[in-house]
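>>> coords please:
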Amino acid sequence: MDIKILTENTVYKRGFLGEHGLSLWIDTGEKRYLFDTGQSGVFLKNAGKMKLELEQLNGIILSHGHYDHCGGMKEWAGRQKAGGKLPKIPIYINQRAFDKKYSRHPVTGDLLFGGIPEDAEQWMKENESLVCTREGRTEIAENVYLLSNIPYVTDFESVPARFLKEISVKEGLKEKALESGSKEPELSEDTMEDEQLLVIRDKQGLCVFAGCAHPGIVNCLNYVQHSFSGEHIHSLVAGMHLKSCSSKQLKQTIASLQELEMDVVVPLHCTGILAIAAIKEALKDQCVLAEVGKTIAL
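The predicted structure follows:
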């Protein structure tokens, strides 16, 4: 199985572009999937640089409804509307990814919209190829699965505090809120039910892919173990959302990764530079560093 990094926070190769986001080209040998699309058309430019034939794709998998993972769908939609040579393929997304998602600026406290861009959302909802998954395990092809509604079971991983979503209310209540002069929608914590893992069963074991692992990467891996009882997790390719975590959480996360004895761990995107360095120090050759333009053979 070959993994090509189309979008990532780091880039070192001449002619490639990077951005805060994630997009992977996954070639199983039988199927080819695009896992996330970053926040812009960068993934398409880098795919062209790597001479990838987008017509060969069998599907697009969107890990969750944040702009830095789904924003590139705006560019994909625009090219299809313009008659570009992009395939009409299934787009797999959890139904809760269309919730209106926000976050608080860590310094100013300003409310920032962080969900799927409106025009990309509208295009997807009107697209007959859209496949909305629900909680649990969904098989989208032989030995290819999506897992969502990840349970929180560890005592060191909790709902991310900064992430919020808009509460759906009846129209009458919304009008009342507007009359009161409220500038912000009614919000609740976002428990990220929409986050879905991609799991591919390979001859070496299970290959797990996560966009951000907001529920916690160890919670994610525990869920994979529960869903595929007795099967070995061969590899993990993931944003792990450890950039601002406590030192205690990082230590417990690394200890859990070591206990799983995976063959390959590729930390990406929101894992954060310091966390990636700590994971590399602990896992040694098991940890493979990656950036835009790199190909990883699993």
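>>> In contact with residue 198, which residues are there?
The contact partners of residue 198, by CB atoms under 8 Å, 6 or more residues apart in numbering, come to 26, 33, 35, 61, 63, 144-146, 208-210. Where you see a C-beta, it was placed from the backbone N, CA and C, and this is true even at glycine.
>>> how does it look with 7 Å?
Residue 198 makes contact with 35, 61, 146, 209 under the criterion CB atoms under 7 Å, 6 or more residues apart in numbering.
>>> and if you look at residue 269?
Here residue 269 is in contact with 8-9, 22, 239 (CB under 7 Å, 6+ apart).
>>> Okay, and which of those map to helices?
Judged by DSSP state H, the contacts of residue 269 include no members of helices.
>>> Out of those, which end up buried?
Buried residues within those, counting neighbours by 16 or more other CB atoms under 10 Å: 8-9, 22, 239.
>>> so how far is residue 206 from residue 298?
Computed as CB to CB, to the nearest Å, the residue 298 to residue 206 distance reads 11 Å.
>>> contacting residues around the residue nearest the centre of the chain?
The centre of the chain sits closest to residue 211, judged by CA atoms, centre = their mean, with a distance of 2.1 Å. Residue 211 sits next to 22, 36, 63-64, 69, 239 when contact means CB under 7 Å, 6+ apart.
>>> Closest to residue 87 out of those?
Set against residue 87, the nearest of these by CB to CB is residue 36 (17.1 Å).
>>> can you tell me which residues contact the closest one?
So residue 36 contacts 22-24, 62-63, 69, 211 (CB under 7 Å, 6+ apart).
>>> Widest-spaced pair of those residues?
24 and 62 (11.8 Å).
>>> Measure how far stretch 131-149 is from the centre of its chain, please.
Distance, stretch centre to chain centre, for stretch 131-149: 14 Å (CA atoms, centre = their mean, to the nearest Å).
>>> Could you pull up the mean pLDDT of it?
Mean pLDDT, stretch 131-149: 94.
>>> lowest-pLDDT helix or strand in this structure?
helix 171-179 (a mean of 45; mean pLDDT, DSSP states H and E).
>>> Quick check: bridge partners of residue 165?
Following DSSP bridges, residue 165 is listed with bridge partners residue 101, residue 188.
>>> Touching the lengthiest helix in the chain from outside, list them.
Secondary structure assigned by DSSP H gives helix 247-260 as the longest helix of the chain. With contact meaning CB under 7 Å, 6+ apart, helix 247-260 is reached by 156-157, 217-218, 221, 233, 242, 265, 275, 278-279, 282-283.
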